[in-house]
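> Quick one, structure for this:
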Amino acid sequence: MLKVFMIKKFLLIALCCGLVLPVFSQKLFLSEAEDFNIRTDDFAVVGKYGKSVITYRKRNGKAEIIFYSENMIKQKSLSLDFLPNNFSNVRFVCDPNHLLVFYESKELKKQQLYASKLLAGDLWRSPVLLSSKPISMIKDYVPFNLSVSENGKRILFFNSYYLAGDNTVQAVIVDEQLNILKEIHQIFPDKEYFFSEKSIVSDKGLPYLLATNKPSNKGNVEELKVLTLANYSKDLFVFPIVLEGHHVSDLQIAADNENGNICIASFFADGKYAAPRGIFLCNFDEGKQATTAIHFVPIVLQISKSNTDLKDLRVRNLFLKRDGGVEIVAEKYYQNIRTINSINPIVNSSFMTGPDNARSVTEFYYDEVYIFNFKVDGSLHWSQTILKEQLSTDDGGIFSSFAPFRYPIGNVYLFNDLSSNATRLLASYISSTGEMSMKEIQTSEQIDEWNIMPRSGKQISKSELIIPCMIKNNVSFLKIKF
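Numbering: from 1, shown residues only. From the prediction side, this is the model:
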């Protein structure tokens, strides 16, 4: 009997180790350096196409995608020679079977949205015009917002603009073959409609847009509406959300396709100019096309050196759980502009002073990360705090913030420790029940020479994360395999 018990115990320990070890072990691969000018060039992590890792680079006005092997060995580069000289806002949708390129260009006072697709034999499909928007002034040139459904089969591009005094919404939905499934061109006479940049498309191909009234100087709004195609109608229907006298800010939206819900989340405050004091959660049933649950959950931060309210927090991620609950990831972020004065070292009389050399510097602060995990009924299940302090000057904070990595038994948050001269790449592991552990990612001498940019990282599969790196006039890509 004791022998059987011991065998079961060892099996349980082995099972637990099997759950933990994949999270705590990584393999790192660094690609070769590519020329890069931070002032004029561009780059992005695209995704995984077939068995290759795909990245994008624009250098000296020429755009290309680069193919890497599983070990980040460069295989080939493919020119995006169909792009015009005046292209802008290039975006990619990529999965193992499809590689789509979307871009915009200005033509004869019109903002044109085009798309192409990689075909067999490394050939590009001739660009397809998806949407055309009138522009009369530079301020009218606002990029289309992109959203991809969870299954990758529906792609939404959305824009709103004023034309002849009316608020116009323009949207197009395509599939992975670039077939146009739905076009929307709708005018709203109400000038008080302000459309959020956050928009989504569900696996069913239904678009969901958020509209508010004019925000206050704190970003708080007192009216919120969801717009969608009711029963696949021709035009968008407007569904008001009851805020019960509260004001909301930092709106987020995501599709819970498995449970047939659209989840809306934000901070809420008690007044138009008040600081946020909690999390607002709303479920919109996609089948019933009605609001089914609204929650206002007060939150108090437990960090002694910080304010206990939610001031300076920004929602970075809205994760949906299989049971219908949600997990919200927020980061403390703010900027500070400071003037530095220095007196020229020249000989002055008691009646004359030397000229001041004054310059302004912008400081970027990326501090604690807060994770709030909510049950289906809207109650707070658990919360966790990742302590970090990241301060940089005049660089946009490109080496700050974090890269999230979703894992079946929890999430990993990777970020640079900038507290000393020697930067370290740290990983905070948060289990599905809220337990946290911290670990330094063991890098090699070769990787240590690079400045890692977690904020520009992208998860490309269930076990792979790609993070860009920079050193002098070169860019490289670090693959972390969990």
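
> Any idea how many residues pack against D166?
Number of residues near D166 (other Cβ atoms under 10 Å) recorded here: 12. C-beta coordinates here come from the backbone N, C-alpha and C atoms, glycine included.

> how close does it get to K191?
The gap separating D166 from K191 is 8 Å, by Cβ to Cβ, to the nearest Å.

> Then I467?
To K191, I467 is 43 Å away according to Cβ to Cβ.

> So these two - more neighbours on which side?
Comparing I467 with K191 by other Cβ under 10 Å, the one with more neighbours is I467, at 22 against 11.

> Tell me what the more buried one is bridged to.
Taking DSSP bridges as the rule, I467 bridges to L478.

> Can you name the residues that contact it?
If a contact means Cβ atoms under 8 Å, 6 or more residues apart in numbering, then I467 has 45, 403, 414, 452-454, 456-457, 477-478, 480 as its contacts.

> Weed out the non-buried ones from those residues.
Among those, the ones that count as buried by 16 or more other Cβ atoms under 10 Å are 45, 403, 414, 452-454, 456-457, 477-478, 480.

> show me where pLDDT drops low in the stretch 301-450 of the chain?
Applying pLDDT under 70 to the stretch 301-450 of the chain picks out residues 302-308, 342-357.

> doesn't K182 make contact with L236?
No - using Cβ atoms under 8 Å, L236 makes no contact with K182, being 10.8 Å away.

> Find the residues that touch each one of those two.
207, 229.

> More neighbours: which of these two?
Neighbours were counted for L236 and for K182 using other Cβ under 10 Å; L236 has more, 20 against 17.

> That one: what's its closest spatial neighbour, skipping adjacent residues?
Of all residues not flanking L236 in the chain, L227 sits nearest, at 4.4 Å (Cβ to Cβ, 6 or more residues apart in numbering).

> Next up, the contacts around the one you found.
Residues counted as contacts of L227 (Cβ under 8 Å, 6+ apart) are 169, 207-211, 236-239.

> List the beta-bridge partners for it.
Applying DSSP bridges to L227 yields these beta-bridge partners: L209, V238.

> what's the answer for Q459, then?
Counting by DSSP bridges, Q459 forms beta bridges with L465.

> And it, how far from M72?
Taking Cβ to Cβ, one finds Q459 at 16 Å from M72.

> Helix, strand, or coil at E150?
Put simply, E150 is coil when judged by DSSP: H, G, I helix; E, B strand; the rest coil.

> same thing with L281?
With three-state DSSP as the basis, L281 sits in strand.

> ok, and for stretch 74-91, which residues are buried?
The neighbour-count check on stretch 74-91 (16+ other Cβ under 10 Å) flags 80, 83, 87, 90-91 as buried.

> actually stretch 377-389, sorry about that
Neighbour counts over stretch 377-389 (16+ other Cβ under 10 Å) mark 378, 381-386, 388 as buried.

> Other residues contacting stretch 421-434?
Stretch 421-434 has contacts (Cβ under 8 Å, 6+ apart) with 23-24, 369, 371, 373, 381-384, 386, 388, 399, 409-417, 436-441, 443, 451-452, 454.

> ends of that stretch, how far apart?
Start-to-end span of stretch 421-434 (Cα to Cα, to the nearest Å) is 32 Å.

> how far out from the middle of the chain is it?
19 Å (Cα atoms, centre = their mean, to the nearest Å).

> What residues of that stretch count as buried?
425-432.

> which of the contacts of stretch 421-434 are buried?
When the contacts of stretch 421-434 are checked for burial by 16+ other Cβ under 10 Å, the buried set is 23, 369, 371, 373, 381-384, 386, 388, 399, 410-416, 441, 443, 452, 454.

> Filter those residues down to just the ones in strands.
Using DSSP state E, 369, 371, 373, 381-384, 386, 410-416, 452 are the members of the buried ones among the contacts of stretch 421-434 that sit in strands.

> In those, find the pair that's most separated.
By the measure Cβ to Cβ, H381 and I452 form the most distant pair in those, at 32.1 Å.

> Distance check, K332 against A164.
Taken as Cβ to Cβ, the span from K332 to A164 is 43 Å.

> Compare neighbour counts for these two and give me the winner.
For K332 versus A164, neighbours defined as other Cβ under 10 Å are more numerous around K332 (22 against 6).

> Tell me the one of the contacts of L227 nearest V101?
P207 (21.6 Å).

> And for the closest one, the neighbour number?
Residues near P207, counting by other Cβ under 10 Å, number 23.

> can you pull out the helices in the stretch 351-482 of the chain?
For the stretch 351-482 of the chain, the helices defined by DSSP state H, counting those that start in this stretch occupy 445-448.

> so who does the residue nearest to D190 when sequence neighbours are not counted touch?
Distances taken as Cβ to Cβ, 6+ apart place N167 nearest to D190, at 6.8 Å, with adjacent residues excluded. The contact partners of N167, taken as Cβ under 8 Å, 6+ apart, are 160-161, 187-191, 193, 195.

> And N167, how close does it get to Y232?
From N167 to Y232 the distance is 23 Å (Cβ to Cβ).

> Same question for Y114.
Y114 sits 26 Å away from Y232, going by Cβ to Cβ.

> which of those two has more neighbours?
Legend: neighbour count by other Cβ under 10 Å for Y114 and Y232, higher for Y114 (21 against 10).

> any idea of the pLDDT on the residue nearest to the more buried one when sequence neighbours are not counted?
Spatial nearest neighbour of Y114, chain neighbours left out: P127 (4.3 Å); criterion: Cβ to Cβ, 6+ apart. Confidence at P127, expressed as pLDDT, is 98.

> Tell me, how many residues neighbour P127?
The number of residues packed near P127 is 20, by other Cβ under 10 Å.

> From what I see, it and S116 are in contact.
Yes - counting by Cβ under 8 Å, P127 touches S116, with 5.0 Å between them.

> Now the common contact residues for the two.
Residues touching both P127 and S116 by Cβ under 8 Å, 6+ apart: F82.

> I'd like the buried ones among the contacts of I467 written out as CSV, with distance to R57 added.
Formatted as CSV, the buried ones among the contacts of I467 follow (distance: Cβ to Cβ, whole Å):
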residue, distance to R57
V45, 11
A403, 20
L414, 23
I452, 18
M453, 14
P454, 19
S456, 13
G457, 16
F477, 10
L478, 15
I480, 20
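
> ok, so of those residues, who is nearest N217?
Nearest to N217 among the buried ones among the contacts of I467: S456, at 30.0 Å, using Cβ to Cβ.

> and the gap between the closest one and E368?
From S456 to E368 the distance is 21 Å (Cβ to Cβ).

> pretty sure P84 contacts S105?
Yes - proximity of P84 to S105 meets the contact threshold set by Cβ under 8 Å, at 5.3 Å.
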